[in-house]
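>>> turn this into a structure:
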Amino acid sequence: MDDYDILKAKDIAGQNFRNGYNCSEAVLRAFRDKLKLELPDEALKMASGFGGGVGHAGCMCGALTGAIMVLGMLQGRIDSSQDREPVYASAHEFHQQFEQIFGATCCRVLNPHPFDTKEHLRNCLKITGKTAELLQTFIESRHLR
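Here you go, the predicted model:
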């Protein structure tokens, strides 16, 4: 595995978060740019509602949802006759790895600090960067790119 690529993914996602993108947007944007995925800026808007655990609901972590969107870009289907199992398997496995590393997938559990406080933002930055690192490792280990 290429340690440089892993650190680069982490750094890009972290910088995106520091630049004001939510965790889901930060991860999706980082991998769109890093992997040169065919995803126009306009399409990146689909990640916006996943911040705060789906619009402040505190449910699934936005960094995790961004990572799953990246896996969908790499393995998803555009036609219903195509097999959906490869992306389902990857999404499931990545979800399990995320939960194993962080102990939860729920935003409010991962980050109990009040939204947009210094502590909250610092914790989200760490989670976003680590998620990008995990995703890069996952992509490389499965030769998805």
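
>>> for the helix or strand bottoming out on mean pLDDT in the chain, buried residues please.
Least confident helix or strand of the chain, by mean pLDDT, DSSP states H and E, is helix 3-18 with a mean of 86. Neighbour counts over helix 3-18 (16 or more other Cβ atoms under 10 Å) mark 5-6, 8-10, 12-14, 16-17 as buried. Bear in mind the C-beta positions are built from the backbone N, C-alpha and C, glycine included.

>>> again, but for stretch 84-95
Of the residues in stretch 84-95, those buried (16+ other Cβ under 10 Å) are 86-87, 90-91, 94-95.

>>> which stretches in the protein count as strands?
For the chain, applying DSSP state E gives no strands.

>>> how about low-confidence regions in it?
Within the chain, the ranges that satisfy pLDDT under 70 run 1-4.

>>> so what's the residue nearest the centre of it closest to, chain neighbours aside?
For the chain, Ala67 is the residue whose C-alpha lies nearest the centre (Cα atoms, centre = their mean; 2.8 Å). Leaving aside its chain neighbours, Ala67 sits nearest to Leu135 (4.6 Å; criterion: Cβ to Cβ, 6 or more residues apart in numbering).

>>> the one you found: neighbour count?
28 (other Cβ atoms under 10 Å).

>>> so it makes contact with Val70?
Yes. In this structure, Leu135 is within contact of Val70 by Cβ atoms under 8 Å, at 6.2 Å.

>>> what is in contact with the two at once?
27, 31 (Cβ atoms under 8 Å, 6 or more residues apart in numbering).

>>> could you list every residue that touches the closest residue to Gly76 other than its chain neighbours?
Once flanking residues are discounted, Gly76 sits nearest to Val87: 5.2 Å by Cβ to Cβ, 6+ apart. Counting by Cβ under 8 Å, 6+ apart, Val87 touches 71-72, 74-77.
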